[in-house]
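> got a sequence here, can you model it:
(chains A and B)
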Amino acid sequence: MDYMKFFSKKGDVRIHFNIYDIILNFLILSIATFSSVKIIVWSFFEANWSVVSKNLALFTFGSYPYHDRWRPSIWIIYLLILCFFTIFNKETKKKRRPLVFAWGLFVPTGLFLVCGGLGKYPIPISYLGGLSLTIMLTSCSLLFSFPFGIFLALCRQSELFLVRNISKLYIDFMRSFPLITVLFFGQLLIPLFLPNGVEVNRVARAVFAFTIFLSAYIAEDFRCGLQSIPVSQIEAGKVLGFNDFQITSLIVLPQAFTIALPALTNQVIGLFQNTSLMSILGLAELLGISRSLLANPEFIGSYLEVYIWLGLIYWLFCTIIAMLGRYFEYQLDYDGNNR
Amino acid sequence: MKRLFNSIITLALLTLSGCATTTPRNESRLDIISRRNSLVCGISGKIPGFSFLDSNGQYSGLDVDICKAFAAAFIGDSSKVEYRPLTAAERFTALRTGEIDVLSRNTTFNLSRDSIGGNGLSFGPVVFHDGQGVMVSKKSGINSLYDLASKSICVGSGTTTEQNINDALESLSIPYTPIKYQDLNQVVSGYRQGRCQAMTSDRSQLAAARSSFPDSTDHVILDETLSKEPLSPASVGGDQKLSDAVRWVIYALISAEEKGITKDNIKMKLQLAKDNPQLKPLRRFLGVEGDLGKKIGLSNDFVFKVISSTGNYGEIYNKNLGSNSNVPIPRGLNKLYKKGGIQISPPFN
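As a prediction, the model looks like this:
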C-alpha cells in the first residue's frame, strides 16, 4: 500500500489517487451510469407493465373465487398491520401482551378466514394462490416447525440414549437431503403411500415437507443457543427449587432463543424464498401463478416485467421479516449489548 | 422413561402399518365424482390456448373446456370443476393416487402410457392431433430440415421433443447444436433473443408462441412433421365406467359437430326431436328416447347438458384456437372426416 503515500503529507488522511484508482473509478462509474440509464429507460419507456397492473389481483389471490377475495385480503391486511405495529412499537413489556396474542392468532385466523366457514360455504385451500398462498405456506410451516425444532433440540441434549440418538439421526438425515427432494417426496410419494381413498391436500403436504425439513435446521440453531447457556444457570435454577420443566421453560429456552434469534431470522427468510420451489411442483404460489400468467397469449414474452415485479415483492417481504427479527433482538436484549 | 418411549414408538409403527392395509373399494370413480358434486381435473395451466389463467383468475383454453364438458356430463353443471395445475412429472402420479379424477393436460396418447405394463392409464379419444414441427424466421432462408445443418436449435430438455429432433436429424446425418431450456416459454424467449436459428416443439405450441410475436408473419413453421402427438384426456386404468363416460363425452362433442348441433341451436334441435318421432338418431343422441346415457352411467340427456354449456367440438376449437382467437392454429387433422381431417365419432346407437 505504498502508493497511498504518494500524495499524502505527514501521513494525514486524505483522498489519495493514483492512476490505477482513477482508471478503476472511471470504469466502475461508467458501467454503473450506463446500466442504470439503460434500466431507467427500459422500465419507463420500453417495458410493458400492463402484465403486472392488469393482474394485481391474481398475484395476490391466485384463482381464489372472485366474490370471496375479501377473505384473504383481510388476512393480508391483518398481517401488514401486525408487522407495522410490531416494528414501530416502543411500548413496555406489559403493553406488548395484545401484540403477542395477535401474532399467536395469525395462522388460525388465516385458516378460518380463507378456507373456513366464514362465508356460507367452506373454500378448499387448494383454490388459494399467489401471495396469499406463499404467506400461508410460510406461516403454517413456521407454526409447526418451531415447536418441532425446539423439541428436537431439547431431545438432542437429553441424557437418554435412545431419545438423544434418534433426534441426532433425524437431524443429520434431514440435513443431508436437498430441500427439493423432500418437497418431491411430499408431493409425489406421500400420496402413493396413503391408503386408497385417503387424500391429503397438496398445500398440507407441502407444509408437511417444509416442516420436517426446516425443523432439523431450527433444531440446530436452537442447539447453539442451548449450548451457550452456562451450566451454572441451570444449577442456580435447581437451587431455587425449580423443577426440570420450569428450568427449561423459564431459564434456558428464553435465553437460548435470544442467542439463536439472528440465525432463526435467517431460516425464516430462507423459508419464505424457498416456497417458490413449490412452483415447479405445480402449486400456484407467487412464482407458480406468474408462470401460469405468462402462458396467457395476451402476455407471452413479458418475462422481465414479471420477474422484476416478483423480485420487488420478495424483497419487500424479506425486508419486513428482517426488520421483525431486528425488533425482537432489540426487545429481548436484556443485557443491552445492542443498544 | 426409556421403556415408555420404546412402547410409544412400537405403537406408532403399529398404527402406521394398520393404515397401510385398508382394503381398496370397488367403486367407480364416476360415483365418487357425482357424490362429491365436483370434478377434479388435472391441467397444465401453462400452455397458451390449452390451459392458462386469464386476468380474471379463471382457467381457460381447450383442455379446460374439455374438463367443463366432463363436469356438465357427470354432474350436470360445467362450473363444478376444480382445476389442479400439474407438472409433467406429477400428472400420472396424481391420476393414480386419485388426487385428480381426469387428466386433461396435453398428454400424448401412446402405448406405454396406456398399457398395464406402463403407466396403466385409460385414454379417451384424441381431442387434438398435434405433431412436432420446426419454426424458423423467413429471413434465415431455411426451407427444409436439410438447411438446418450446423445451425443451433432451441429445444425443451427432457421431453420427447428433444428425442424426436435428435432422431430425425441424426438419421439424416445432419449435424446441429441443441440449445436446451427447461420449459417451452424459455425456449421461445431463447429463440426471440436470437440464441438459435430455429426452435422446435409441437406445432400447436409453435403457433401459439408465434401468435405473440410482434412480427409474427416473419416466421414460418417448416412443412416436415417430426412426430405424431395425439393429445387425449386420460383417466385411471381399470375403471371402465369412468373411461366409457370420458370416451363418449368426447365423441358427443364431435358427433354434435357432425350433426350441426351447436350451443345456440341445441334447444331448437331438442324441441325438433321431441316433436318428430321419426328422427330416431337425433332422438337417441339427445336422450329423448332410448337410454344411451344410462348405459354409460350418465343421465340420458347428457349430450344436451354438454353441448348447451360448452358447444360442440368445432365451437370449442374455434373459441380457443380458431383464426379469430389469440392463438390461431390451422385445424388441419382436427377437421371432421367429412372436411379432410380425421376427427370422427362412432355412431350413437
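> need the contact partners of stretch B:257-272.
By Cβ atoms under 8 Å, 6 or more residues apart in numbering or on different chains, the surrounding residues in contact with stretch B:257-272 are B:256, B:279, B:282, B:285-286, B:288, B:304, B:307-315, B:336, B:338, B:343-345. C-beta coordinates here come from the backbone N, C-alpha and C atoms, glycine included.
> narrow those to those in strands?
Under the assignment DSSP state E, the contacts of stretch B:257-272 contribute nothing to strands.
> narrow the residues you listed to those that are buried.
B:256, B:279, B:282, B:285-286, B:288, B:304, B:307-315, B:336, B:343, B:345 (16 or more other Cβ atoms under 10 Å in any protein chain shown).
> for stretch B:59-66, which residues meet the burial criterion?
By 16+ other Cβ under 10 Å, the buried positions in stretch B:59-66 come out as B:Tyr59, B:Ser60, B:Gly61, B:Leu62, B:Asp63, B:Val64, B:Asp65, B:Ile66.
> cool, stretch A:309-321 as well?
A:Trp309, A:Leu310, A:Ile313, A:Tyr314, A:Phe317, A:Ile320, A:Ile321.
> so where's the longest helix in chain A?
helix A:303-332 (DSSP state H).
> that one near chain B anywhere?
Yes: judged by Cβ under 8 Å from any Cβ of the partner chain, helix A:303-332 comes into contact with chain B at A:Tyr303.
> likewise for stretch A:274-294?
Yes: counting by Cβ under 8 Å from any Cβ, contacts between stretch A:274-294 and chain B involve A:Ile280, A:Leu281, A:Gly282, A:Leu283, A:Ala284, A:Gly288, A:Ile289, A:Arg291, A:Ser292, A:Leu293, A:Leu294.
> between these, which is nearest A:Val203?
A:Leu283 (7.2 Å; Cβ to Cβ).
> for that closest one, give its distance to B:Phe52.
16 Å (Cβ to Cβ, to the nearest Å).
> rewinding a little: of all the buried residues of stretch B:59-66, which comes closest to chain A?
Using Cβ to the nearest Cβ, B:Tyr59 comes nearest to chain A of those, at 6.8 Å.
> where does chain B dip in pLDDT?
B:1-25, B:158 (pLDDT under 70).
> that one: helices as residue ranges?
Using DSSP H, helices in chain B cover B:2-20, B:29-36, B:62-74, B:91-96, B:111-114, B:160-171, B:184-192, B:203-211, B:240-259, B:266-275, B:280-285, B:292-295, B:302-310, B:313-321.
> what comes up buried for stretch B:38-48?
Quick answer for stretch B:38-48 (16+ other Cβ under 10 Å): B:Ser38, B:Leu39, B:Val40, B:Cys41, B:Gly42, B:Ile43, B:Ser44, B:Gly45, B:Lys46, B:Ile47, B:Pro48.
> so what's the gap between it and the chain middle?
9 Å (Cα atoms, centre = their mean, to the nearest Å).
> next: stretch A:75-91.
Counting by Cα atoms, centre = their mean, stretch A:75-91 comes out at 16 Å from the chain centroid.
> next one: stretch B:89-100
Using Cα atoms, centre = their mean, the offset of stretch B:89-100 from its chain centre is 15 Å.
> what distance separates the start and the end of that stretch?
This stretch, stretch B:89-100, spans 14 Å end to end (Cα to Cα, to the nearest Å).
> touching chain A at all, the longest strand along chain B?
In terms of residue count, the longest strand belonging to chain B (DSSP E) is strand B:128-137. No: counting by Cβ under 8 Å from any Cβ, chain A has no neighbours in strand B:128-137; the shortest distance is 14.2 Å.
> likewise stretch B:84-94?
Yes: counting by Cβ under 8 Å from any Cβ, chain A has neighbours in stretch B:84-94: B:Arg84, B:Pro85, B:Leu86, B:Thr87, B:Ala89, B:Glu90, B:Thr93, B:Ala94.
> okay but the last one is in contact with B:Leu86, surely?
Right, B:Ala94. Yes: the pair B:Ala94 / B:Leu86 is scored as a contact, 5.6 Å apart, by Cβ atoms under 8 Å.
> in terms of packing, which of these two has more residues around it?
Each of B:Ala94 and B:Leu86 has its neighbours counted (other Cβ atoms under 10 Å in any protein chain shown); B:Leu86 has more, 26 against 23.
> please state the backbone phi and psi of that one?
Taking degrees, to the nearest 10, you get phi -130, psi 150 for the backbone angles of B:Leu86.
> thought it was touching A:Leu281?
No: using Cβ under 8 Å, B:Leu86 is not in contact with A:Leu281, being 9.2 Å away.
> quick check: neighbours shared by these two?
Common neighbours of B:Leu86 and A:Leu281 (criterion: Cβ under 8 Å, 6+ apart): none identified.
> close to chain A: what parts of the stretch 51-200 of chain B are there?
So the stretch 51-200 of chain B meets chain A at B:51-59, B:82-87, B:89-90, B:93-94, B:96-99, B:185, B:188-189, B:192 (Cβ under 8 Å from any Cβ).
> one more time with 7 Å, if that's ok
B:52-59, B:82, B:85-87, B:90, B:93, B:97-99, B:185, B:189, B:192 (Cβ under 7 Å from any Cβ of the partner chain).
> before we move on, back to that, which of the residues of stretch B:84-94 next to chain A are buried?
B:Arg84, B:Pro85, B:Leu86, B:Thr87, B:Glu90, B:Thr93, B:Ala94.
> quick one: contacts for the closest residue to the fourth one other than its chain neighbours?
Excluding the flanking residues, the one nearest B:Thr87 by Cβ to Cβ, 6 or more residues apart in numbering or on different chains is A:Gly282, at 4.8 Å. Residues near A:Gly282 by Cβ atoms under 7 Å, 6 or more residues apart in numbering or on different chains: B:Pro85, B:Leu86, B:Thr87, B:Glu90.
> phi first, then psi, for B:Arg195.
Backbone torsions for B:Arg195, taken as degrees, to the nearest 10, come to phi -80, psi -10.
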